[in-house]
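Peer 1: make a model of this:
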Amino acid sequence: MDNTESYRRKSTTVLGIIVRIVIFMILFPHMTKPLADYVRNTRLAKRLSTIDVERNSGGKISDSYVSRIERGEYANVSIDKLDALADGLQIPAEEIHRIARGLSAERPKEKLEILAETFDGSDLTETDWAEIEAVVRVLIEQKRSVRSAAPVRRPPTEKMNKGLK
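Peer 2: I've put the predicted structure just below:
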C-alpha cells in the first residue's frame, strides 16, 4: 500500500468519525444537554470561573474546553477529560461520569431503581414495576427450588482421576 492509499484511508476514517458525531448530535441533542447544564450549574454554584476549573484540574482541561462542554458542543467527552473536569469542579469523578452517561448524579439505592437505571425503565409506571417485581419473585422462588432439588456434587477425588487414565 502506497502513501496515497494510506492517506486516503485515514482521511476517510476521520471523515466517517466526524459524520457519526454530527449525526449523533442531531439525533440525540438531549444527550449533551444534561452534562452541559450540570457543569454550568455546578461551576456557578461553587462560584468558579472556567479559568478556576482549568487551574483546579492542574491544567488537564482548558477553560475553553469547559466552555464548549457547557454550550453542549461536545457529545462524547473522554474519560480523561471527565476526570479533569471533576477535579476542576471539585466533585467526585463518579458523579460527572454518571451525568455524562445521562444518569442522575446520585447512585440509586433501591433495587428497582438500579434495575430501572440499568435497563432504561425510567418511564415505566408503578403497575409495571409491581408486575416486574412479581416476576422476579417467581424467578427467585424457582431458582431456590432448583437449587434445593439438585444433588450435591462433590469434586472428583484422586481415585476417580486415576480411573480415567
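
Peer 1: ok, Val39 - how many residues close by?
Peer 2: Val39 has 25 neighbours, counted by other CB atoms under 10 Å. The way it works is simple: take the backbone N, C-alpha and C, and place the C-beta from them, glycine included.

Peer 1: for Ala100, same thing?
Peer 2: The number of residues packed near Ala100 is 23, by other CB under 10 Å.

Peer 1: check what pLDDT it gets.
Peer 2: pLDDT, the model's per-residue confidence, is 85 for Ala100.

Peer 1: how about the strands in this protein?
Peer 2: With DSSP state E as the criterion, the chain has no strands.

Peer 1: residue ranges with poor pLDDT in it?
Peer 2: Within the chain, the segments meeting pLDDT under 70 span 1-32, 75, 108-119, 122, 150-165.

Peer 1: change it to 50
Peer 2: Scanning the chain for pLDDT under 50 picks out the ranges 24, 27-31.

Peer 1: show me where this protein has its helices.
Peer 2: 3-27, 33-45, 50-56, 63-70, 79-89, 93-100, 111-118, 126-149, 158-164 (DSSP state H).

Peer 1: check which residues of the second one are buried.
Peer 2: Neighbour-count burial for helix 33-45, counted by 16 or more other CB atoms under 10 Å, picks out 34-36, 38-40, 42-43.

Peer 1: hey, C-alpha coordinates of that helix in CSV?
Peer 2: What follows is helix 33-45, C-alpha atoms only, in CSV (Å, rounded to 0.1, in the frame of the first residue of the first chain):
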residue,chain,number,x,y,z
LYS,A,33,-27.7,18.9,27.5
PRO,A,34,-27.6,17.2,30.9
LEU,A,35,-23.8,17.3,31.1
ALA,A,36,-23.7,20.9,29.8
ASP,A,37,-26.3,22.1,32.3
TYR,A,38,-24.8,20.1,35.2
VAL,A,39,-21.3,21.5,34.6
ARG,A,40,-22.5,25.1,34.2
ASN,A,41,-24.8,24.9,37.3
THR,A,42,-22.1,23.2,39.4
ARG,A,43,-19.5,25.7,38.4
LEU,A,44,-21.8,28.7,39.1
ALA,A,45,-23.0,27.2,42.4
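
Peer 1: make 15 the first number, not 1, from now on.
Peer 2: Sounds good: first residue 15 from here, last item helix 47-59.
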